[in-house]
Structures are given as structure tokens and as C-alpha cells.
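**Q** just the structure for this:
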Amino acid sequence: MGATGKIPEAGGGPQVATLVELFDRAAAAGQPDLLNYKRDGRWHHLAAREVADRVRLAALGLFALGVGPGARVGLLSENRPEWTIADLAVLCCGAADVPVYATQSPGQVGYILRDAAVEVMFISGRAQYERVRAALDSAPALRVIVSFDPVGTGDERVLGFDELLRRGREAGADLAARYEEARRAVSAEQLATLIYTSGTTGEPKGVMLTHRNLVSNVLANRATLALAPGEVALSFLPLSHIFERTALYVYLSLGVAVYYAESVEAVAANLAEVRPHCMTSVPRLFEKIYAKTMERAEAGGKARTAVARWAVGTAKEWAEVASRGGRPGAWLDLKRRVAMRLVFAKWREAVGGRIRYFVSGGAPLETELAQVFYGAGLPILQGYGLTESSPVITSNTPGANRLGSVGRPIPGVSVRLAADGEILCAGPNVMLGYYGKPEATAEALELDAEGRLWLHTGDIGRFDEDGFLYITDRKKDLLKTSGGKYIAPQPIENLIKRSRFVNQVVVIGDQRKFPAALIVPQLDALESYAALKGIAYREPAELLGHPRIIDLIERQVEKQTAELAHFEKIKAVALLDRELTIEGGELTPTLKVKRRAVAEKYKQLIDRLYAEREEKYAVRQ
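**A** You can find the predicted model right below:
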């Protein structure tokens, strides 16, 4: 990087220093359907020029409201074009935005608004306004609330988005000139966003990311993704999360048409409509796709089930060889072609028929699931990163996809392992620090003797002989039994989730004699099993308490974890009759399990489970 602070684009192209410059180049490329959304049953398209015009008007409107360098602007909305337009408008003013998850609790919303001293807040509409009104009222610095849709309230702070654009359109020459000056003055080292971490433990921390942090990550990732102008990406993960937001910047910079999914529930339908070439996701979606396809096969009878299982086995066998650079033999290639024709062609059709790859992040992807999708012609590129690293640290690529790993370090980023196996990262993507928390910042960032700043990720990992990184567990998630054995819960949970009867699982056992598991069963699969076996019940809760169902789940857990060490094996299981959710407080907005919250919420159940099983499963650790 030169003295200007600019970062060269891959391939020796012109230099880019800020997200403002990155967007300017995207607008100049003239993509005819840059941002796309569905309303009233049909898709609407915004060309690059139209997006640029709206960004400028929104930025001028914000500037007229006193939003400039140093200001903090909140963003609380579901994914939609206005989210991206507001984001870019804030950046063009030289201000920093503060994204808030649309599902975040009012208490956490209030904490973030107060901690960040948010002055102006974008919200999606009346439903969100009413949901978090107490939080809005608790933020002393909040002056203006800009609503994308009408709110219909007497709150004098509320301003419609159309009114903001009108104010920008009517801005005088003097204000416009001052805005353009501020826009040109935006620098690479300027704070671009303040993102509050999900907080699996403790209160959220505001991660400070600069334009340089984000631009470096965008350019490094676009260099490894073989996407072309005019191709299509479906966006459904929350833009308030840095993973999807950085992905969207990558799409914009490449001239890829972005289609916003209507909702998480509509993703399957939108995939078929939009026919994307690429989509980012979390493993949960792939688990659900696989479970549903296998359920449909089993509903078709024994012959169809047998074919589906044979195809899955063939896909895994083929992927194990091909993903490591090997050449599957003629017989294996032939079997795979037959499997593609009989089974996987329908899978591809269900996701639009044009997917070249999915990108997965946010949580570990189970290796066997990755093998199935890879062999089915739907490769999943797993990556790894944190909000604190903007976010990508390592990634698999279309040309180097080592299943089970999270890939190699992306260009410009260095990764090493500490003595205890913790993953450390250095590069232009590493955050400034945590806002207002110098002690937490000092704990997370370490300056070495050469003046390089290393981020402590809190994750444990290992490298293989080819430089691919594998995550073995979260440092703070390790369970320690009363016998002193350390257990990594995530790999065990991923094994158990292979069962089609398991929806969600949380391994417990810290300071206990042995590990146990709380399991949310896949109710549809259990109901089919009950019908097949003649198990009578009146309601789901009764089914989950049936001895034969409990025995089934215990046998499934034992089968999936057969290769584990004795001290790692699950000795007791409890079935939960409701999903773990964000709203229930058991999951973070990025769908990570809040282990402490789960342990507290189900304390009585856990205590009873151990009391009932402790004598039977007494183990010398």
C-alpha cells in the first residue's frame, strides 16, 4: 500500500481507497439491474445510475440534517434496496453507520443506540418502529428517525424516506458544494461502520471498521471469486451482518445483479425464480435443503429411498477424491453421471439450475454435507472470519475447495497459530478496536516485535500440509468435565446433526461427569417414523415423550458418534419441544448458540437429566 493509503485492485487495476470510490466505479459500469426487489408479486429493477442518483439525494438529505464526519447513523431494517442506499449515503457523508439486526431485542437495540450515540436512525416501517419504540425513546442523542415505509405516528422525529430524498433534491448550491467537499475528503482510515457483535456471552461490543478494512477485504475476495458482470446473486442473510454486507460490496464492485430475497421463508421459491449463479448462506440452510430432499425421497417409497441413498453415497465418494485434486476412476465417474441424471439434476433445478457455487460462513459446515453438495454439482465454498476481521480471513475458492476446511488465507492476510492452537490474524482487514472498550481491545489485539497487529480470534484450529485451515473449536466453548477432560462441543453437534431425525442439538457437560445433549427433533421425520411403526399419540409433546422415540434418538446419537473417544460420547439425551430461536434468546442473530443462555433456560431439565442418568452412566474420567 502506498503513501496515499490506496489499495491496488487485483490484476494491477486502478487503486481504490474507500467504499465511496468502490461504489462510484460500480455506478459508472452502468449495470441495468444492479439492485432488484419483489413487490406486489413481481420483481422490480434498479439500474446502477438510478441507485447512484438515490444515494446522492439521500446523502444530501442527511447532510442537510447535519450528518457529516464523526456522526453515527443507525440502520434497523430487513434487507431491501433502501438498506443499501442508506448505507452508501451515510458513507458518502463521511459518517459511520451502525447496523442493528431486525430481530434484535428492544433492550439490545437501546443499548446500541445509547452506546454509539446514534443521531439519526433508519427503520423499515411501522412494525419495527412500534417494536423498538421504547429503545428509540431511551437514546438521548437520537434526533431524527427516517422510515423507509410510512409509520403513521405523531412522533415529530419521524421523517419519511421520500421526504429525505426530496430534501436532497431541493438542497441549495452551497450545501451541495459542502457535501461534495466532505465526500471527496473521505479517507481510507476513516471509520466506516460500528458493528456490535452478537454477544454469545456478555454485552455486545462495537467493532470499529474503517474504509480500508472493508475495501481490502472486498478486493481480496473478488480476486478469488470467479463472478462476471451481469451474473446474478441472491441475498437473504441480514445485511446488518458483515458477512452479507461485504458480499454485497463484492457483487456491486463486479457488476453482479443483486436480488433481495423476500424473506428467509421465501428463499426456496426465490431461488427457483431468480436462478442465481451464487449465494452466501449459513450451514443451517444446507442442512434443511438436504433434510427436505431426503424426506421427499423417503415419502416416495422404498425404491426411491434406495436410489436417493445410493446417489448420496456416490456423491460423497466422488467428492472425497475430486476435492483433493484426484481423478475419480471411470467407474466412479459413470456412477456419478447416473446419480446426477436420476437425483441431483432435480436438486439443481430446485435452486434455479445456474448455481456455480454457494459460499458458507458463520458456523462450521459438516464435512459429509459438503461432500454431498459437491458431488451433486452444487459446491459450497466454506470460509472463515469474524466481524473484527471485516470479516473474511480464509476461504476456499472455486479452484481450491478442500472440503472440511475453511480454506487458505485470502490475499494480503496472514494467519498463524498460537502455542495453544488459537488462530491469530494480521492484515489490512483487522479492526481499529472495540468502541469505548480499551481493555477488551487490548485483550483482542497484540502488537508483535515487528510492529504487526495480530487479532486473537478465540478459535482453535490447525493447518494441513497444503496450507488449508481447519477449525477445531471455539476456545471459550470448550467444556471441561468434572474429571478434567476437555470436550469440543461443535464437532460432536455436527456429527449428531447428520441424523435426519435431528433438527438442532446443544452438547452440555461443563463441570459434569459426562457430556449430554439437548436435542430439538425433526418433527416431520419423527411423525413419519411413528406412522410407520404404529406409535399412537395425540400431540407432538406426547410423541417426544414416548419411550420408543427417546430410544430412537438415543440410538441415532450413538450411531453418529460411534468413532468418538469414550469420554466424548453422549451419555444422556433430553428432547426439547420447541426450536431454539433468536427471539427466545437461545441464538445470536447469526444463529450461533448462546450456550450460557441455553444452560440457564433449561437448568431444571438439565439437572433432572443428570440426576436420572448419573448412577447408570457413572464413568471414571
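
**Q** pretty sure residue 557 sits against residue 496.
**A** Yes. Counting by CB atoms under 8 Å, residue 496 is a contact partner of residue 557 at 5.6 Å. The C-beta positions use only the backbone N, C-alpha and C, and glycine is treated the same way.

**Q** between these two, what contacts are shared?
**A** With contacts defined as CB atoms under 8 Å, 6 or more residues apart in numbering, the residues shared by residue 557 and residue 496 are 517, 519, 570.

**Q** what's the end-to-end length of stretch 464-474?
**A** 19 Å (CA to CA, to the nearest Å).

**Q** typo on my end, it should be stretch 400-415
**A** Note: stretch 400-415 ends 18 Å apart using CA to CA.

**Q** what about that stretch, average pLDDT?
**A** Averaging pLDDT along stretch 400-415 gives 96.

**Q** what residues sit buried inside it?
**A** By neighbour count on 16 or more other CB atoms under 10 Å, the buried set for stretch 400-415 is 400-410, 412-413, 415.

**Q** neighbours of the nearest residue to residue 583 once chain neighbours are set aside, just the number please.
**A** Closest residue to residue 583 apart from its sequence neighbours, by CB to CB, 6 or more residues apart in numbering: residue 103 at 6.7 Å. Residues contacting residue 103 under the criterion other CB atoms under 10 Å number 15.

**Q** residue 103 contacts residue 587, correct?
**A** No. Look at residue 103 against residue 587 with CB under 8 Å: they stay out of range, at 9.4 Å.

**Q** in strands only, show me the buried residues of stretch 400-415.
**A** Under the assignment DSSP state E, these contribute 408-409, 415 to strands.

**Q** which SS class is the residue nearest to residue 583?
**A** Put simply, residue 103 is coil when judged by DSSP: H, G, I helix; E, B strand; the rest coil.

**Q** and the chain, what are its domains?
**A** The record's domain parsing of the chain by automatic domain parsing lists 10-186+225-274, 278-474, 478-613.

**Q** which of the ones you listed sits closest to residue 206?
**A** domain 278-474 (3.5 Å; CB to CB).

**Q** where's the residue nearest to residue 583 relative to residue 446, distance?
**A** 34 Å (CB to CB, to the nearest Å).

**Q** hang on, the earlier thing: just the closest of the buried residues of stretch 400-415 to residue 275, please.
**A** residue 401 (22.2 Å).

**Q** and the closest one, what does it touch?
**A** Counting by CB under 8 Å, 6+ apart, residue 401 has contacts 323, 374, 379, 381, 407.

**Q** then residue 409?
**A** Counting by CB under 8 Å, 6+ apart, residue 409 touches 393-394, 415, 467, 469.

**Q** may I ask which two of the residues you listed are separated the most?
**A** By the measure CB to CB, 393 and 467 form the most distant pair in the contacts of residue 409, at 13.2 Å.

**Q** and these two? Which one has more around it.
**A** Neighbours per residue (other CB under 10 Å) separate residue 393 from residue 467, with residue 393 holding more: 30 against 14.

**Q** so the more buried one is in which element?
**A** strand 392-395 (DSSP states H and E).

**Q** for residue 507, same thing?
**A** Using DSSP H and E, residue 507 falls within strand 502-508.

**Q** which residues are contacting that strand?
**A** By CB under 8 Å, 6+ apart, strand 502-508 touches 479, 487, 489, 492-493, 496-497, 515-523, 553, 556, 570, 576, 579-580, 593, 595, 598-599, 606.

**Q** from those, which land in helices?
**A** Taking DSSP state H, the ones among those that sit in helices are 489, 492-493, 496, 523, 553, 556, 595, 598-599, 606.

**Q** all strands of the stretch 51-200 of the chain, in order?
**A** In the stretch 51-200 of the chain, the strands defined using DSSP state E, counting those that start in this stretch lie at 72-76, 96-100, 120-123, 144-147, 158-160, 191-196.

**Q** could you dump those to CSV with mean pLDDT and distance to residue 276?
**A** Output for these, formatted as CSV (pLDDT from 0 to 100; distance: least, CB to CB, whole Å):
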stretch, mean pLDDT, distance to residue 276
strand 72-76, 98, 24
strand 96-100, 97, 23
strand 120-123, 98, 27
strand 144-147, 98, 30
strand 158-160, 96, 32
strand 191-196, 97, 26
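
**Q** could you dump the ones you listed into TSV and include distance to residue 277?
**A** What follows is the strands of the stretch 51-200 of the chain, written out as TSV (distance: least, CB to CB, whole Å):
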stretch	distance to residue 277
strand 72-76	28
strand 96-100	26
strand 120-123	30
strand 144-147	34
strand 158-160	36
strand 191-196	27
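
**Q** redo those strands as a markdown table? Include mean neighbour count.
**A** As requested, the strands of the stretch 51-200 of the chain are exported to a markdown table (neighbours: other CB atoms under 10 Å):
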| stretch | mean neighbour count |
| --- | --- |
| strand 72-76 | 26 |
| strand 96-100 | 26 |
| strand 120-123 | 27 |
| strand 144-147 | 22 |
| strand 158-160 | 18 |
| strand 191-196 | 25 |
